[in-house]
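Undergrad: Just to be clear, the model below is a prediction. Sequence and coordinates:
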Amino acid sequence: MAGLAIITEACIDVKDRACVDVCPVQCIYEFDPQKNVLFSEDEAGSGTIETTHTPKSDAIGVFGDGILYVNLDECTSCTACYQPDVCPVGAIYSEEHLPDGSATSAKYNAEDPNQGHDHTFFVQHSRDVFAD
Ligand code: SF4
Ligand code: SF4
């Protein structure tokens, strides 16, 4: 199931960074509201910043620091973060397997508490969050 990784709403306020630990290219970002910057670390919680980006204020304002963000220009579709044993709440999907809420939609992750919802909003939102 190769494809860009899309983090959806189940991450909100869970944010345990399990996906960050398995990403080989550090393309999963947190938002620091004090510094108004999106940052990735070499390892989750290490404090060693790998890359930073400027957020777009309107898009980042939707979820703020309550969720993590994949930079889709940097994601290599390696599949590591959306393996079933990584995200404890099933928040991460491969882009082409993102459920759209319809009955014929792709399957939801087993742990996703938002099954039945349209998750496609998060594709554009992932792109909109990064200003550079
Ligand atoms: S593993 Fe899931 S809940 Fe944890 S930070 Fe990543 S997307 Fe959010
Ligand atoms: S698919 Fe791979 S490169 Fe993309 S965010 Fe997930 S772990 Fe990182």
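TA: Nice, thanks for sending it over. Ligands and ions are numbered 1, 2, ... in the order given.
Undergrad: Does anything pack onto whichever strand or helix holds Arg127? Which helices or strands?
TA: In the assignment (DSSP states H and E), Arg127 maps to helix 121-128. Packing partners of helix 121-128 (3 or more CB pairs under 8 Å, 6 or more residues apart in numbering; DSSP states H and E): strand 5-7, helix 57-63. The C-beta positions use only the backbone N, C-alpha and C, and glycine is treated the same way.
Undergrad: can you tell which of the ones you listed is closest to ligand 2?
TA: Closest approach to ligand 2 among the helices and strands packed on helix 121-128 (CB to the nearest ligand atom): strand 5-7, 3.7 Å.
Undergrad: if we can go back for a sec, nearest to ligand 1 among the helices and strands packed on helix 121-128 would be which one?
TA: Across the helices and strands packed on helix 121-128, closest to ligand 1 is strand 5-7 (CB to the nearest ligand atom), at 4.6 Å.
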